[in-house]
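Visitor: Predicted model and sequence follow; I will ask about them next.
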Amino acid sequence: MDWFYHTTGGEISPEDIIRLVENRIPAHQHLHYLDGAKFAPSDAYIGRLAKLTSGMANSGGGIIIVGIKPSRHKAKAFSLLPEPADTGLIHHHLIANLSPFPDGMLVENVMIENQGYCLVIRIPSGKGPFMFSDYRYYAFRNHKAVKLEAEDVSALYNKPAQKHLEIYSIYNTQGVPELKDGKFTIVRFYPKVLIRNTGEAMEKDYKMEISLPAGLYEENTMLRNHFSHHEGKYVVFSFAGKSPVFSTEIHKMLDFSIRVSSDSIESFENEELHFRLYYSAGVHRQSYPLKELFTYQGKMLSQGDFSRQISG
């Protein structure tokens with residue numbers, strides 16, 4: 001799915017969106033899902049949509065997709081619009097509600113397998129801040145538009161060119177099982193991690209550390225060559241950045257694999273995967289419950305899914 005994160009709004013294909021649902025890609029600061037069943041071409045609904053757009057424009061830009069029903073902020077299933085939305089109407093509402101209007105914003109309908117439509121709004125990372133029609137400024141945090149205080153707005157106006165890296169997405173999180181007598185013996189995962197430079201300056205000095213429960217470490221993977229140290233029951237691996245990350249660029253930082261068996265499922269159910277992204281202006285930390293991030297056919301794994309006999 002690398003290409004999805006590198007396209008412009010007009011290049012997002014139905015296949016890209018389908019893969020979001022198939023892989024249950026989590027929403028984040030730059031990707032937001034809205035249930036298409038709740039869509040209404042009303043001033044009130046489009047006004048709320050415009051406020052989300054305003055917040056995302058002040059937070060580095062991103063994509064809003066109407067037509068995907070989220071569960072725990074992951075893309076759970078499609079809830080498509082039966083007819084294409086009036087993109088001209090929505091675009092005019094956005095113009096009326098945002099000042100200044102972000103250059104390059106795109107609004108389009110994408111048909112999904114002749115079943116219905118997703119409404120896609122691509123919000124660029126432009127020079128702001130962007131004021132909403134209620135004369136307030138918003139950011140997009142914790143999956144919603146949040147009103148900024150005066151000092152936050154002042155910081156947006158006066159901020160110098162900064163470097164800021166963050167974890168953009170973790171995808172390919174669906175398990176590949178080995179079965180015996182209808183039970184799992186092993187389930188392997190092959191996640192890939194994308195980072196993004198949300199600052200205005202290029203960053204060339206960065207590295208990422210992953211902390212993984214020792215029982216889940218898959219020996220013959222690329223992780224083996226990146227061992228750093230132990231932290232209690234966790235093993236820490238370190239990956240140095242190999243190329244500059246330019247402003248607004250999405251960059252694939254790494255891919256790796258983990259293995260879950262009857263011996264490690266208890267740890268998998270109770271522990272987290274920790275990331276630390278070091279760069280010249282600071283550290284970005286993020287943690288994910290393993291059982292929620294890594295699933296099989298959209299369902300969380302449990303001890304009852306596994307056979308006691310483990311194949312090699």
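Guide: Yep, it's here. Residues are numbered from 1 along each chain as shown.

Visitor: and residue 183, what does it touch?
Guide: 305-307 (C-beta atoms under 8 Å, 6 or more residues apart in numbering). In this view, the C-beta of every residue, glycine as well, is placed from N, C-alpha and C.

Visitor: What pLDDT is listed against it?
Guide: The predicted structure scores residue 183 at 93 on the pLDDT scale.

Visitor: Over to residue 100?
Guide: In the predicted model, residue 100 carries a pLDDT score of 89.

Visitor: Is residue 155 inside a helix or a strand, and which specific one?
Guide: helix 150-158 (DSSP states H and E).

Visitor: Low-confidence ranges, the protein, go.
Guide: Counting by pLDDT under 70, the chain has low-confidence residues at 1-11, 126, 158-161, 218-222, 309-312.

Visitor: for it, which helix is longest?
Guide: Among the elements of type helix in the chain, defined by DSSP state H, the one spanning the most residues is helix 43-57.

Visitor: Heading C-terminal from it, find the next helix or strand.
Guide: Helices and strands here follow DSSP H and E; after helix 43-57, the next one along the chain is strand 62-66.

Visitor: Name the residues that touch the following helix or strand past that next one?
Guide: Secondary structure here is assigned by DSSP H and E; on that basis, the next helix or strand after strand 62-66 toward the C-terminus is strand 68-71. If you take C-beta under 8 Å, 6+ apart as the criterion, strand 68-71 is touched by 17, 20-21, 27, 33-37, 75-79, 118.

Visitor: Which positions within strand 68-71 qualify as buried?
Guide: 68-70 (16 or more other C-beta atoms under 10 Å).

Visitor: ok, which stretches of the stretch 51-200 of the chain are strands?
Guide: In the stretch 51-200 of the chain, the segments counted as strands under DSSP state E, counting those that start in this stretch are 62-66, 68-71, 74-78, 98-99, 106-112, 116-123, 131-132, 138-141, 144-147, 165-171, 176-180, 183-189, 192-197.

Visitor: Could I get the CA-only coordinates of the second one as PDB?
Guide: Taking only C-alpha atoms (Å, rounded to 0.1, in the frame of the first residue of the first chain), the coordinates of strand 68-71 have been written out as PDB:
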ATOM      1  CA  ILE A  68     -15.800   3.900   5.700                       C
ATOM      2  CA  LYS A  69     -17.300   2.900   9.100                       C
ATOM      3  CA  PRO A  70     -14.600   2.900  11.700                       C
ATOM      4  CA  SER A  71     -14.300   0.600  14.800                       C
END
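
Visitor: show me where the stretch 201-312 of the chain has helices.
Guide: Using DSSP state H, counting those that start in this stretch, the helices of the stretch 201-312 of the chain run over residues 265-270, 290-293.

Visitor: list the buried ones in the last one?
Guide: With burial defined by 16+ other C-beta under 10 Å, the residues of helix 290-293 counted as buried are 290-291, 293.

Visitor: Of the residues you listed, just say which sits nearest to residue 268.
Guide: Within these, distances to residue 268 taken as C-beta to C-beta reach their minimum at residue 290, with 5.0 Å.

Visitor: so what's that closest one closest to, chain neighbours aside?
Guide: Spatially, and ignoring its direct neighbours in sequence, residue 290 is nearest to residue 268 (5.0 Å; C-beta to C-beta, 6 or more residues apart in numbering).

Visitor: Residue 76 too?
Guide: Among residues not flanking residue 76 along the chain, residue 69 sits closest, at 5.3 Å (C-beta to C-beta, 6+ apart).

Visitor: Relative to the whole chain's centre, how far out is stretch 33-45?
Guide: 22 Å (C-alpha atoms, centre = their mean, to the nearest Å).

Visitor: same thing with stretch 232-241?
Guide: A distance of 22 Å separates the centroid of the chain from that of stretch 232-241, by C-alpha atoms, centre = their mean.

Visitor: contacting residues around that stretch?
Guide: 203-214, 217, 223, 226-230, 253-254, 256, 267, 271, 274.

Visitor: same check, this time on stretch 109-116
Guide: Counting by C-beta under 8 Å, 6+ apart, residues outside stretch 109-116 touching it are 12-14, 17-18, 36, 67, 78, 80-82, 84-85, 87, 117-120.

Visitor: still on that earlier bit, elements contacting the longest helix of the chain?
Guide: Secondary-structure packing of helix 43-57 (3 or more C-beta pairs under 8 Å, 6 or more residues apart in numbering; DSSP states H and E): strand 31-34, strand 62-66, helix 87-97, strand 98-99, strand 116-123, strand 131-132, strand 138-141, strand 144-147.

Visitor: what number of residues lie near the closest residue in space to residue 112 that isn't next to it in sequence?
Guide: For residue 112, the nearest residue in space outside its immediate sequence neighbours is residue 14; the separation is 5.3 Å by C-beta to C-beta, 6+ apart. Neighbourhood size, residue 14 [other C-beta atoms under 10 Å]: 14.
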